[in-house]
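Student: Could you look at this predicted model? Sequence included:
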Amino acid sequence: MKLARSVLPWILLPALLASGCTLVPERAALDRAWFLLEVPEATVSHGEPVRVELGSVRIAPELAGKGLVYRPSPYRYESDFYNEWFLNPREHVEQVLRERWTRAFAPVNLVADAAAEPGALRLDVLVTALHGDLQMDGPGVARAGLRVFVQGSGWTQLWNLEHTEPMSNRAPVALVSALSSSMAALLEDLERHLRETKEREHGRDS
C-alpha cells in the first residue's frame, strides 16, 4: 500500500500536463499597440509656393521595421515588438509629406515632373532618424532626421536635417508624441530651406 501511494503522484502529474493543466500561474498577455505620427498642417504660405517633385523616399535599415525603435548605445538599436507603427515607417513618412504638400495654401506644392515645370525642384529623401535616443541621463530624446538630395536646374545640393525633442518618459506614447513634435519642426525647417533656395534662384534669374 505504501508503494502505491508513492507512485500515484507520478502517475497523476503527466496526466494533468497532458490535459492542458499547469501548476504555474499564467501571466497576463501583453497588449499590443499601434501608433501614427500626428504632424500638424504646414504654416500657411503668404507667397507663391515652392513647386517640388517628391522622388524616392527611403529609410535607414535600422529604422525600417514596424516596431518603435530605441537607441540605448551608439551602435545598438532596439525594436519594440509590442508597440508598432500602424503603417510601414517609410510609407508613413512619405504619406505625411504628400498629404502635407497637397493641402491648399501649403508652402510647398507637389508636381508630377520637375523637369517639365520651370523653377521646380526634385527631392529624394532618406529618413536617417525616427527613434528614441536613450544615450543620456533621464528619459531621453526623440530624434527625427532627413537627408535630402535636392536637384534644381543645373545644380544639386545635399541637406542633412535633424531635430530632437525631449521625452517626458520612456513610454511608447511619450516617444510618439515627442517624435511627432520633432517631425513637425523638421518639416518646417525643410520648407524654410526650400523657400530660401527658391528666393536665391529667383534672385539669380532676375
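Tutor: Received it, and whenever you're ready, just let me know what you need. Bear in mind that the values here come from a model prediction, so they are computed numbers and not experimental data.
Student: What is whichever helix in the chain runs longest packed up against?
Tutor: Once the chain is assigned using DSSP state H, the helix that runs over the most residues is helix 172-205. Judged by 3 or more Cβ pairs under 8 Å, 6 or more residues apart in numbering; DSSP states H and E, helix 172-205 is in contact with strand 33-35, strand 50-59, strand 67-73, helix 89-100, strand 121-133, strand 141-152, strand 155-166. For every residue, glycine as well, the C-beta is placed using N, CA and C.
Student: any chance of those in CSV, plus distance to His193?
Tutor: Below are those laid out as CSV (distance: least, Cβ to Cβ, whole Å):
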stretch, distance to His193
strand 33-35, 28
strand 50-59, 10
strand 67-73, 26
helix 89-100, 14
strand 121-133, 10
strand 141-152, 8
strand 155-166, 6
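Student: burial of the residue lying closest to Val150 once chain neighbours are set aside, as a residue count?
Tutor: Among residues not flanking Val150 along the chain, Gln157 sits closest, at 4.7 Å (Cβ to Cβ, 6 or more residues apart in numbering). Counted with other Cβ atoms under 10 Å, the neighbours of Gln157 add up to 12.
Student: Equivalent analysis for the one 5 residues further on, please.
Tutor: The number of residues packed near Glu162 is 15, by other Cβ under 10 Å.
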